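**Q** sequence? don't have it. structure:
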Ligand SMILES: C[S@@+](CC[C@H](N)C(=O)[O-])C[C@H]1O[C@@H](n2cnc3c(N)ncnc32)[C@H](O)[C@@H]1O
């Protein structure tokens with residue numbers, strides 16, 4: 001990956017090079033839209049692609065009819081997103097301090113976003129992403145394990161933001177979660193919505 005260390009931010013990216021890797025995989029016939037397919041399984045009308053990078057997830061979701069907003073702090077990544085998805089709303093902002101004044105059916109963090117966020121801002125990042133999840137919506141995050149940030153920390157920050165774990169998988173294809181697989185896709189919901197859903201299941205059975 002073409003990234004350079006830069007003061008004040010965990011990493012800086014080369015958007016063109018980043019996107020080129022995915023374009024090369026797609027040209028070889030690899031399905032590079034696992035994240036978008038996973039997100040679509042929640043049938044969202046609106047999605048916030050948090051840490052959208054070059055917009056590869058948001059652009060695919062928009063292509064499939066979802067209203068999306070992409071947010072990223074990295075100018076090079078966003079420049080690529082803007083040129084590839086000119087009709088989409090792209091916001092240059094630090095997720096840790098994000099206030100869009102609205103919520104989304106799904107807030108998705110694909111591609112190791114918390115790992116690339118400065119450690120001191122990670123709890124705030126989870127808090128503001130959670131604040132953009134609609135009352136019956138979900139927060140979806142996929143990141144590698146063993147890279148200095150773990151699931152305990154993620155779950156703790158989610159709990160502090162009023163969210164609880166709903167599902168956890170080892171891949172975007174919903175392979176059963178096994179810590180040794182080194183990757184986790186986690187889905188959190190607002191605690192109250194999860195409680196109501198559970199109560200409805202119990203009263204139906
Ligand atoms: C590896 S890229 C993933 C990009 C995209 N989600 C994807 O799956 O292709 C991680 C992205 O997270 C962004 N990021 C990390 N911390 C951030 C923060 N605090 N605010 C906004 N963007 C952040 C980086 O700028 C980078 O574009």
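**A** Ah, there it is. Since we're looking at a predicted model, the values are computed, not measured.
**Q** The closest residue to residue 95 other than its chain neighbours: what's it in contact with?
**A** Nearest residue to residue 95 in three dimensions, chain neighbours excluded: residue 125, at 4.8 Å (CB to CB, 6 or more residues apart in numbering). Any C-beta I mention is one placed from the backbone N, CA and C, and that applies to glycine too. With contact taken as CB atoms under 8 Å, 6 or more residues apart in numbering, residue 125 is in contact with 95-96, 113-114, 117.
**Q** Cross the residues you listed against strands and list the overlap.
**A** Among the contacts of residue 125, no member is found in strands (DSSP state E).
**Q** Which of the residues you listed has the largest number of neighbours?
**A** Within the contacts of residue 125, residue 95 tops the neighbour count with 27 neighbours, counted by other CB atoms under 10 Å.
**Q** wait, isn't that residue in contact with residue 128?
**A** Yes: the pair residue 95 and residue 128 passes the contact test of CB atoms under 8 Å, sitting 6.1 Å apart.
**Q** hmm, back to that, that's a helix at the residue nearest to residue 95, yeah?
**A** Yes: per DSSP: H, G, I helix; E, B strand; the rest coil, residue 125 lies within a helix segment.
**Q** Filter the contacts of residue 125 down to the ones in helices?
**A** Counting by DSSP state H, the part of the contacts of residue 125 found in helices is 113-114.
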